[in-house]
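Student: here you go, sequence then predicted model.
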Amino acid sequence: MAEKKTVDYAALKKGGFMRQKQKGYFSLRLAVVGGNLTAENIRTVADVADKYGKGYVHMTSRQGIEIPFIGFDDIEEVRAELAKGGVKPGVCGPRVRTITACQGSEICPSGCIDTYTLAQELDERYFGRELPHKFKFGVTGCQNNCLKAEENDLGVKGGMVVECDQSACIQCGVCVKACREGAIELKDGKITMDESKCNNCARCVKSCPTEAWKGEPGYIVSFGGTFGNKIYKGEENLPIIKDKETLFRVADAAIGFFEEYANAGERFRATLQRVGEDEFRNRIQAAYEGN
Amino acid sequence: MAEIKVDETVDITDKVCPLTFVKAKVTLDELDDGEVLAIRMNDGEPVQNVPRSIKEEGHQILKLEDNEDGTYTLYVKKVED
């Protein structure tokens, strides 16, 4: 080599190229939204892994794909070939990461919200946004929590605000047992619900044979989860959110708070603890109320 | 509610998930449209989940009865596709 190249690892990392311990090789992280890829995407990834990598891919813990053993000299070619198949590189470093999602109400019988559409919208709004440290979003469709909402900096969990239409109820008693919170009773031929016990899981709605239980979908949001060096369960500081406009306003406020107050290299949870959670609660409460 | 006329009964208290539902479904498959099956199941997971699975199969649930011995009986009317 005539000229010595200086490698901008930070720029490569930002573009999804993760430096391997083997000199000159990168594990290329791909952009995946809500865990879905088209067949064309997968074929393209397979071709690139065969041609430039070692013929295999690694599935990441957050629904991503990495192609290991991409040589430094092939980076531009790999980028171009992936782009032809509609595949984009992902990101790493201090910014908004892959938006994860379960299959949600479009596919899963338990789903309360359309997780994939929401993941795409969150992706469009926030993916790759530069921040003091990494910031993770996860969307799960119901209380079964397959996507582990609370391990994310901002987790969204689908739920429903439920109500029983007594005129359609046949007093069969199925919902009384379907409810795992013990919130529903059948007394003197009438269904009653203790709202303070309801966790919006919608099992009553899903199990009701006559559709007497009606549910209005909503978003249960948690803040400040981490599941790495430190483990902390994200906290639900707000009531269930019934519309997307409010959800995005709250997400904007949370990410804005992080951007404004976090030190470089500090996770959201640590910022909340250092700055004070009351200040944050006031901020998102205001956003929730539309201010 | 008027007395439910039962055409067939099945006991799934000897099975665990997902065989509880499978055993109930196999029995339901044998019935004619409109016939009623009484399914005896355990408290806990079976009674939380089996009624919903049967609803999702498209059958009509009539009643869930507490036998007060740790088991429940679910009355289901078969609905042909």
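Tutor: Everything's here; your move. Bear in mind the structure is a predicted one, so any value in this text is a computation, not a measurement.
Student: okay, now A:Glu130: neighbour count?
Tutor: Here the number of neighbours of A:Glu130 (other CB atoms under 10 Å in any protein chain shown) works out to 12. For every residue, glycine as well, the C-beta is placed using N, CA and C.
Student: what's near enough to touch it?
Tutor: A:94-95 (CB atoms under 8 Å, 6 or more residues apart in numbering or on different chains).
Student: gap between it and chain B?
Tutor: Taking CB to the nearest CB, to the nearest Å as the measure, A:Glu130 and chain B are separated by 45 Å.
Student: with A:Cys108 instead?
Tutor: Here the criterion is CB to the nearest CB. By it, A:Cys108 lies 12 Å from chain B.
Student: quick one, what contacts that residue?
Tutor: A:102, A:141-142 are the contacts of A:Cys108 under CB under 8 Å, 6+ apart.
Student: repeat for A:Ser207
Tutor: If you count contacts by CB under 8 Å, 6+ apart, then A:Ser207 has A:174-175, A:178, B:51-52, B:55 around it.
Student: of the contacts of A:Cys108, closest to A:Asp114?
Tutor: A:Gly141 (8.3 Å; CB to CB).
Student: wait, the closest one touches A:Glu106, no?
Tutor: No: counting by CB atoms under 8 Å, A:Glu106 is not a contact partner of A:Gly141; they are 9.1 Å apart.
Student: and for these two, which residues touch both?
Tutor: A:Thr115.
Student: quick one, which of these two is more surrounded?
Tutor: Between A:Gly141 and A:Glu106, counted using other CB under 10 Å, A:Gly141 has the larger neighbour count: 30 against 12.
Student: distance check, the more buried one against A:Gln103.
Tutor: Noted for A:Gly141: a distance of 7 Å to A:Gln103, by CB to CB, to the nearest Å.
Student: same check on A:Asp74?
Tutor: In this view, A:Asp74 and A:Gln103 are 34 Å apart by CB to CB.
Student: quick revisit: joint contacts of A:Gly141 and A:Gln103?
Tutor: Contacts common to A:Gly141 and A:Gln103, judged by CB under 8 Å, 6+ apart, are A:111, A:115.
Student: compare the contacts of A:Ser207 and tell me which has the most neighbours.
Tutor: With neighbours defined as other CB under 10 Å, the most crowded of the contacts of A:Ser207 is A:Val174; it has 31 neighbours.
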